[in-house]
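[1] got a predicted model here, sequence first, then my questions.
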Amino acid sequence: QVQLVESGGGLVQAGDSLRLSCAASPASGITLSWFAVGWFRQAPGKEREFVAAIKWSGDSTDIADSVKGRFTISRDNAKNTVYLQIDSLMPEDTGDYYCAATPHWPITRYDFWGQGTQVTVSS
């Protein structure tokens, strides 16, 4: 059963921007506004890596050093959606992007995952 649904990926050019969205699937029964949400990415042939996380209230965030300055995480709890804004895209940002949810902060584990959205950045 799909619990979280990512969207917004696609084929873009280097320098472009994208905004990825993460929402709970209607059938999951998850109220995403109750959860901290993290974003991860997995480049082809590489391990999944942490990108960013945001607390349920939105007043605390954590951004990986490797993407700091280009990636912004935010949320709209009225829409039960978490966003990942990616600016100045680079070919090395290519990969599958996943969101995950957890009731914990600080985050120790994630309980729900999405199936990912693909981002391809051409040079």
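    Nice, thanks for sending it over. Residues are numbered from 1 along each chain as shown.

[2] tell me which element the most centrally placed residue in the chain falls in.
    Among the residues of the chain, the one closest to the centroid is W39, at 3.1 Å (Cα atoms, centre = their mean). Using DSSP states H and E, W39 falls within strand 36-42.

[3] now that strand, how far from the centre of its chain.
    4 Å (Cα atoms, centre = their mean, to the nearest Å).

[4] next secondary structure element downstream of the host helix or strand of T72?
    Counting by DSSP H and E, the element that carries T72 is strand 71-76. Reading on from strand 71-76 to the C-terminus, the next helix or strand found by DSSP H and E is strand 81-86.

[5] how about that next one: buried residues?
    Neighbour counts over strand 81-86 (16 or more other Cβ atoms under 10 Å) mark T81, V82, Y83, L84, I86 as buried. Backbone N, C-alpha and C define where each C-beta goes, glycine included.

[6] where does pLDDT dip in the protein?
    1-2 (pLDDT under 70).

[7] one more pass at 90, please.
    Judged by pLDDT under 90, the chain has its weakly predicted residues at 1-2, 25-30.

[8] can you map out the strands along this protein?
    4-7, 10-13, 18-24, 36-42, 49-54, 61-63, 71-76, 81-86, 95-102, 112-113, 117-122 (DSSP state E).

[9] okay if I get those strands as JSON lines plus distance to I30?
    Formatted as JSON lines, those follow (distance: least, Cβ to Cβ, whole Å):
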{"stretch": "strand 4-7", "distance to I30": "7"}
{"stretch": "strand 10-13", "distance to I30": "25"}
{"stretch": "strand 18-24", "distance to I30": "4"}
{"stretch": "strand 36-42", "distance to I30": "11"}
{"stretch": "strand 49-54", "distance to I30": "16"}
{"stretch": "strand 61-63", "distance to I30": "20"}
{"stretch": "strand 71-76", "distance to I30": "14"}
{"stretch": "strand 81-86", "distance to I30": "12"}
{"stretch": "strand 95-102", "distance to I30": "7"}
{"stretch": "strand 112-113", "distance to I30": "6"}
{"stretch": "strand 117-122", "distance to I30": "18"}
